[in-house]
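Chemist: below is the sequence, then the predicted model.
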Amino acid sequence: MKKIILAALALFAFGFANGQAKEGQVSKGKWLVEVNTGFGKNVGSTSLYLTSSDGVTAYNIGVEGGYFIKNNLALKLGLGYGDNGIAGQNEPIAYKIGAKYYFKSMIPVELSYNGVGFGNADANPTYVGAQVGYALFLGKNVSIEPGIRYNMATHKQYYDNSLQFNIGFALHF
């Protein structure tokens, strides 16, 4: 039994080591498609989430895409759509533009400008965000990227800074 457990652990370790970005997933000319889950205060979010509290249900769906302009550096765009559950308010449309750099091809750091359009342009929240995480490559085209993100509000009279925890799922082409 001990040999079976050791063999399984060795196989798992080999698979983990082999699954890192060694096949050019973050090379110049490659594409990145991402979907993130957001935990914490979702602001300017292009992530997937569903919350319900006191009879108010809010949701968001979104996707991000990027193109590697050089090895380990991708320019990204994102778009999200949701409903905040408050009657009489327009559904928010979120957007994001930014850059993502993979240190050592497995530690993604992202800087971005993101926001939400509700309709009233003066009160629309916008943020400058920074995110850091770890990219666990599960094979040639798929990675899981848990991370932490800090969003700094640009309209402090309307909105506060926020902290988010994300789990991202990325496809690399």
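Modeler: Yes, it's here. Numbers count the residues shown, from 1 in each chain.
Chemist: from what I see, Leu79 and Thr46 are in contact.
Modeler: Yes - using C-beta atoms under 8 Å, Leu79 is in contact with Thr46, at 6.2 Å. Quick note: C-beta positions are derived from backbone N, CA and C, even for glycine.
Chemist: more neighbours: which of these two?
Modeler: Thr46 (26 against 14; other C-beta atoms under 10 Å).
Chemist: tell me the contacts of the more buried one?
Modeler: Applying C-beta atoms under 8 Å, 6 or more residues apart in numbering, we find Thr46 in contact with Asn36, Gly62, Val63, Glu64, Gly78, Leu79, Gly80, Ala94, Tyr95, Lys96, Asn114.
Chemist: again, but for Glu34
Modeler: Taking C-beta under 8 Å, 6+ apart, one finds Val63, Glu64, Gly65, Gly66, Lys76, Gly78, Glu145, Gly168, Phe169, Ala170, Leu171 in contact with Glu34.
Chemist: mark which of those residues are part of strands, please.
Modeler: Judged by DSSP state E, the subset of those located in strands is Val63, Glu64, Gly65, Gly66, Lys76, Gly78, Glu145, Gly168, Phe169, Ala170, Leu171.
Chemist: tell me where the chain has helices.
Modeler: 2-18 (DSSP state H).
Chemist: quick test: name the residue nearest the centre of it.
Modeler: Closest residue to the average C-alpha location of the chain: Asn36 at 4.2 Å, with C-alpha atoms, centre = their mean.
Chemist: hey, what's that residue bridged with?
Modeler: Under DSSP bridges, the beta-bridge partners of Asn36 are Gly168.
Chemist: using PyMOL, define a selection of the buried residues within the contacts of Glu34.
Modeler: For the buried members of the contacts of Glu34, the matching PyMOL selection, counting by 16 or more other C-beta atoms under 10 Å, is:
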select buried, resi 64+66+76+78+145+168+170
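Chemist: want to throw the contacts of Glu34 into CSV with distance to Asn84?
Modeler: Below are the contacts of Glu34 laid out as CSV (distance: C-beta to C-beta, whole Å):
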residue, distance to Asn84
Val63, 19
Glu64, 21
Gly65, 25
Gly66, 27
Lys76, 24
Gly78, 18
Glu145, 26
Gly168, 23
Phe169, 24
Ala170, 27
Leu171, 29
